[in-house]
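1. only geometry, no sequence info:
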């Protein structure tokens, strides 16, 4: 394995790691064509290997690389919370929050447990739990923001009447 922490690996270190795994045939596409260094390597997920532009063809190779990527991630010490978030980002812009003192992220006051139908029905105010949701968009680095999906409305589809 190349020396030093994965976060400081160069493209040449990633090439050496792939070669050590017996995956030298992928160094051209991963290292030469797509310039994958240590931090970029840690962000690769299985679907990145399966889909274009990488689109590896051999399932066993995909699984082998994913296994070893996960091994690298398992022992990783993150230098700060922003790096940890960028390398382990979720698919949603809202996540279950850690204790309040663990992050400088701005917190919402409450988590709304009601459905969207309750808010317009004239019923009592919705049930809320304090401090369970945080908006992570406000604390992201510029490279992470474009990868977050926009929140989706649950009223986007029209219901067809029963016949």
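-> Yes, it's here. Just so it is clear, the model here is predicted, and its values are computed rather than measured.

2. just the strands in the protein please.
-> With DSSP state E as the criterion, the chain has strands at 94-96, 110-112, 128-130, 133-135.

3. what about the residue nearest to residue 3 when sequence neighbours are not counted, neighbour count?
-> The spatially closest residue to residue 3, leaving aside those adjacent along the chain, is residue 13, at 8.0 Å (CB to CB, 6 or more residues apart in numbering). Just so you know, the C-beta spots here come from the backbone N, C-alpha and C atoms, and that holds for glycine as well. Per other CB atoms under 10 Å, the neighbour tally for residue 13 reads 19.

4. helix or strand with the lowest mean pLDDT in this structure?
-> Lowest mean confidence among the helices and strands of the chain (mean pLDDT, DSSP states H and E): strand 94-96, at a mean of 40.

5. pull the residues that contact stretch 53-67.
-> Stretch 53-67 is contacted by residues 18, 21, 23, 26, 29-30, 33-34, 45-46, 48-50 when judged by CB atoms under 8 Å, 6 or more residues apart in numbering.

6. which PyMOL command selects the buried ones in these?
-> Under the burial definition 16 or more other CB atoms under 10 Å, those of those that qualify are selected in PyMOL by:
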select buried, resi 18+23+26+30+48+49
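
7. most widely separated two among the contacts of stretch 53-67?
-> Comparing every pair within the contacts of stretch 53-67 by CB to CB identifies 33 and 46 as the most remote, at 19.4 Å.

8. run through who's touching stretch 24-36.
-> 11-12, 14-15, 18-19, 44, 53-54, 56, 61, 65.

9. this protein: helices as residue ranges?
-> Using DSSP state H, the helices of the chain run over 11-20, 27, 38-43, 46-50, 59-74, 81-87, 116-119.

10. rewinding a little: looking at the contacts of stretch 24-36, spot the one nearest residue 81.
-> The closest of the contacts of stretch 24-36 to residue 81 turns out to be residue 44 (CB to CB; 21.4 Å).

11. pLDDT score assigned to the residue nearest to residue 3?
-> pLDDT recorded at residue 13 is 97.

12. OK, contacts around it?
-> Applying CB under 8 Å, 6+ apart, we find residue 13 in contact with 2-4, 37-38.

13. by neighbour count, which of those residues wins?
-> residue 38 (19 neighbours).

14. that one reaches residue 16, doesn't it?
-> No: the pair residue 38 and residue 16 does not pass the contact test of CB atoms under 8 Å, sitting 11.4 Å apart.

15. low-confidence stretches in this protein?
-> Applying pLDDT under 70 to the chain flags residues 90-163.

16. can you report how many residues lie near residue 8?
-> For residue 8, the neighbour count with other CB under 10 Å is 12.
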